[in-house]
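Asks: When you get a sec, could you give me coordinates for this:
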Amino acid sequence: RGGCVSFPRYLGPGECEDFCRDLLEKRGVCVLPPSIYRSELGEVSTDHFRMGVGHRDPGPALEVFDDYLRSRVG
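Replies: Numbers count the residues shown, from 1 in each chain. Okay, here's the model as predicted:
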């Protein structure tokens, strides 16, 4: 009934925040940047982002995300 959430580490060029913003602006895919999270238990990683994948037909969004990643590689 639900989807899943992943917490990938960003290893690309530049900052993770910029990656998240660029992905949204250029492809309309929203992943959550590290700046929106806070914790009283310790520092929040600045090189990870949150990505939720719903249970209903995630294929189209994942294809756009894949295309975006491939366009950044070369």
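Asks: What residues does the residue nearest to the spatial centre of the chain make contact with?
Replies: The residue lying closest to the centre of the chain (Cα atoms, centre = their mean) is residue 31, at 3.6 Å. For residue 31, the contact set (Cβ atoms under 8 Å, 6 or more residues apart in numbering) comprises 20, 23-24, 49-51. C-beta: built from backbone N, CA, C; applies to glycine.
Asks: same thing but 10 Å
Replies: 6, 8, 10, 16, 19-21, 23-24, 49-52, 65 (Cβ atoms under 10 Å, 6 or more residues apart in numbering).
Asks: now swap in residue 35 and tell me
Replies: 15-17, 20, 44, 46, 49.
Asks: How confident was the prediction at it?
Replies: We have a pLDDT of 93 for residue 35.
Asks: so which helix or strand takes in residue 24?
Replies: helix 16-27 (DSSP states H and E).
Asks: Show residues contacting that helix.
Replies: 8-10, 12-15, 29-36, 45-51, 61, 64-65, 67-69, 71-72.
Asks: now those residues: which count as buried?
Replies: Taking 16 or more other Cβ atoms under 10 Å as the criterion, what is buried in the contacts of helix 16-27 is 10, 29, 31, 33-34, 48-49, 51, 61, 65, 68.
Asks: in this protein, which spans are helices?
Replies: For the chain, the helices defined by DSSP state H cover 16-27, 59-73.
Asks: mind listing what the nearest residue to residue 58 once chain neighbours are set aside touches?
Replies: Closest residue to residue 58 apart from its sequence neighbours, by Cβ to Cβ, 6 or more residues apart in numbering: residue 3 at 7.2 Å. Going by Cβ under 10 Å, 6+ apart, residue 3 touches 52-56, 58.
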